[in-house]
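**Q** Provided below for reference: sequence and predicted model.
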Amino acid sequence: MIAVGIWAAQMGGCSLWAVPLTFVAVMALGGTLGMAGVQVPFGEQGIVISVLTLGVLIAASAHLALAPSVILVGLFAIFHGQAHGAEMPVGASGLEYGIGFIFATALLHVCGIGIGIGVQRLASAPWVRFAGVAIALCGAYLWLS
């Protein structure tokens, strides 16, 4: 979630709000699917690939056009949302649970945006790219474990 915010900050412009907002909106849809018991094929792999891919995009300082950026994070958000929805505790209110994970995700995006903008202003772009390498390594670890 933080990586989405960092990448959005790195790209700037409309991406700063459109990429995280797309992720949150599509994740809510995925969460609804998960709560309804709908399985998304390759869910765990999709989550791992999202971490790895976002890390690589940040490390490469990739500035994609807005449409491919929101499509990519939207795809990743389906996997994350479905996992959150499927893991809802028995007896929990779907609405309250959904609001909780949506709010937490939005907050993590804001943290990522703050990190991305702050590091670019206070340090230098290579530090943001280093964060991308660290995120990609976490994705690689998840892939191998």
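**A** Sure thing, it's come through. Numbering: from 1, shown residues only.
**Q** Could you list the single helix or strand in this structure with the lowest mean pLDDT?
**A** helix 125-144 (a mean of 85; mean pLDDT, DSSP states H and E).
**Q** For it, buried residues please.
**A** 128-129, 131-132, 135-136, 139 (16 or more other Cβ atoms under 10 Å). The way it works is simple: take the backbone N, C-alpha and C, and place the C-beta from them, glycine included.
**Q** Take those and lay them out in a markdown table including distance to Gly94.
**A** Below are those laid out as a markdown table (distance: Cβ to Cβ, whole Å):
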| residue | distance to Gly94 |
| --- | --- |
| Val128 | 37 |
| Arg129 | 39 |
| Ala131 | 34 |
| Gly132 | 35 |
| Ile135 | 31 |
| Ala136 | 34 |
| Gly139 | 30 |
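**Q** ok so, going back, tell me what the least confident helix or strand of the chain is packed against?
**A** Contacts defined by 3 or more Cβ pairs under 8 Å, 6 or more residues apart in numbering; DSSP states H and E place helix 125-144 against helix 2-11, helix 43-59, helix 94-122.
**Q** how about that helix as PDB, C-alpha atoms only?
**A** The C-alpha coordinates for helix 125-144 follow below in PDB (Å, rounded to 0.1, in the frame of the first residue of the first chain):
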ATOM      1  CA  ALA A 125      15.600  10.800  -6.200                       C
ATOM      2  CA  PRO A 126      18.100   8.000  -5.700                       C
ATOM      3  CA  TRP A 127      16.700   7.400  -2.200                       C
ATOM      4  CA  VAL A 128      13.200   6.900  -3.500                       C
ATOM      5  CA  ARG A 129      14.600   4.500  -6.100                       C
ATOM      6  CA  PHE A 130      16.400   2.700  -3.300                       C
ATOM      7  CA  ALA A 131      13.100   2.300  -1.500                       C
ATOM      8  CA  GLY A 132      11.800   0.700  -4.700                       C
ATOM      9  CA  VAL A 133      14.700  -1.800  -4.700                       C
ATOM     10  CA  ALA A 134      13.800  -2.700  -1.100                       C
ATOM     11  CA  ILE A 135      10.200  -3.200  -2.000                       C
ATOM     12  CA  ALA A 136      11.100  -5.300  -5.000                       C
ATOM     13  CA  LEU A 137      13.300  -7.400  -2.800                       C
ATOM     14  CA  CYS A 138      10.400  -8.000  -0.400                       C
ATOM     15  CA  GLY A 139       8.300  -9.100  -3.400                       C
ATOM     16  CA  ALA A 140      11.100 -11.500  -4.400                       C
ATOM     17  CA  TYR A 141      11.300 -12.900  -0.900                       C
ATOM     18  CA  LEU A 142       7.500 -13.400  -0.900                       C
ATOM     19  CA  TRP A 143       7.800 -15.100  -4.300                       C
ATOM     20  CA  LEU A 144      10.500 -17.500  -3.100                       C
END
